[in-house]
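Undergrad: sequence below, structure please.
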Amino acid sequence: MVDVADSLTQADEYNHLAGIVILAGGASKRMGSPKAELILPTGERLLDYHVRQALELSAAMMSNLPIMIADNGRGFSINPNLIKSSKSSIFHIRDYLSANTFSSKNISGKNLFNKDDKSIETGGALVAIESALQSLKSLASSNQLTKDASWQQSWLLVISCDSLIPVTDLWQKLQPYMTQAADKSVICLTDDSHLYPLLGLYRLDMEPDLKRYIDDEQRQVMKFIKPIVQPVAFVKKWQNLTNFNTPKDFSRACLALNNL
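TA: Numbers count the residues shown, from 1 in each chain. A predicted model of the protein is given here:
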């Protein structure tokens, strides 16, 4: 793993990390169980792994970063020991529901909250990211995040439960582009053929645009981010750490993590 060093500090007085959201609510039909509940070879649950990594980043930055869990209402628990030892606030957030979807139905007409369904329908990643951005804005307005008006130039770090990339390593990889690509509102990983928008940074001032997009009943991540994204090339050794959809994929990711 990358050593924690001075690069963890904010890029400048305007660009800094405001919070972290862990996306844990996606469907996992091919995996056979929720990815957030997968068990690593160390015995640690995948969601707890990401929470622990996020807490380590927050501590290394000497900043009590808000850590949000977006699990589509599944209510995944967090290891009590992590919460007990944390100076950061760790809390679950609900997906953003626009006025057009407040009838508890998604755009295909399926009920979002039917607990009798074996699989919970989701509104996609963007509604979770919008909720996280709104949560950070709310913290800012109550002076819990920052008293500086420049908070809108702060960033949200997004990490998904279909990845084992350590949060600190992801932050260190993406952070330089906050100033190098000042005209971009999204910074995310890419390989030779795909963007990975659920492993990225989202600037807080994009929130109204994302809200309008969702309110227009749009959910396509790539369509939204394409004009505003700065791609950052994958570290080669990360390739097998992410995008796992089957037990075999997950085993391969665990092996790759052990070899970091």
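Undergrad: can you give me the strands for the chain?
TA: Under the criterion DSSP state E, the chain contains strands at 17-23, 67-70, 90-93, 155-160, 186-190, 195-203, 229-233.
Undergrad: pipe those strands into TSV and attach mean pLDDT and distance to Ser142 per row.
TA: For glycine as for every other residue, the C-beta is placed from the backbone atoms N, C-alpha and C. Formatted as TSV, the strands of the chain follow (pLDDT from 0 to 100; distance: least, C-beta to C-beta, whole Å):
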stretch	mean pLDDT	distance to Ser142
strand 17-23	96	14
strand 67-70	97	16
strand 90-93	95	14
strand 155-160	96	17
strand 186-190	97	26
strand 195-203	96	20
strand 229-233	97	30
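Undergrad: quick one: which of those strands is nearest Val221?
TA: Nearest to Val221, of all the strands of the chain, is strand 195-203, at 5.0 Å by C-beta to C-beta.
Undergrad: for that closest one, which helices and strands make contact with it?
TA: In terms of contacts (3 or more C-beta pairs under 8 Å, 6 or more residues apart in numbering; DSSP states H and E), strand 195-203 is packed against helix 125-141, strand 155-160, helix 167-174, strand 186-190, helix 221-225, strand 229-233.
Undergrad: one more pass at 10 Å, please.
TA: strand 17-23, helix 125-141, strand 155-160, helix 167-174, helix 177-180, strand 186-190, helix 221-225, strand 229-233 (3 or more C-beta pairs under 10 Å, 6 or more residues apart in numbering; DSSP states H and E).
Undergrad: now the shortest one: mean pLDDT?
TA: Taken as a whole, helix 177-180 carries a mean pLDDT of 90.
Undergrad: now stretch 30-46: buried residues?
TA: Within stretch 30-46, the residues scored as buried using 16 or more other C-beta atoms under 10 Å are Met31, Pro34, Lys35, Ala36, Glu37, Leu38, Leu40, Arg45, Leu46.
Undergrad: give me every residue that touches the fourth one.
TA: Ala36 is in contact with 22-26, 28, 45-50, 69, 71, 74, 76-77, 160-162, counting by C-beta atoms under 10 Å, 6 or more residues apart in numbering.
Undergrad: buried ones among those?
TA: By 16+ other C-beta under 10 Å, the contacts of Ala36 give 22-26, 28, 45-50, 69, 71, 76, 160-162 as buried.
Undergrad: burial of the residue lying closest to Leu156 once chain neighbours are set aside, as a residue count?
TA: In space, and not counting its chain neighbours, Leu156 is closest to Tyr202: 4.7 Å by C-beta to C-beta, 6 or more residues apart in numbering. For Tyr202, the neighbour count with other C-beta atoms under 10 Å is 26.
Undergrad: where's Tyr202 relative to Leu157, distance?
TA: According to C-beta to C-beta, to the nearest Å, Tyr202 stands 8 Å off from Leu157.
Undergrad: joint contacts of those two?
TA: Val21, Ala132, Ile187.
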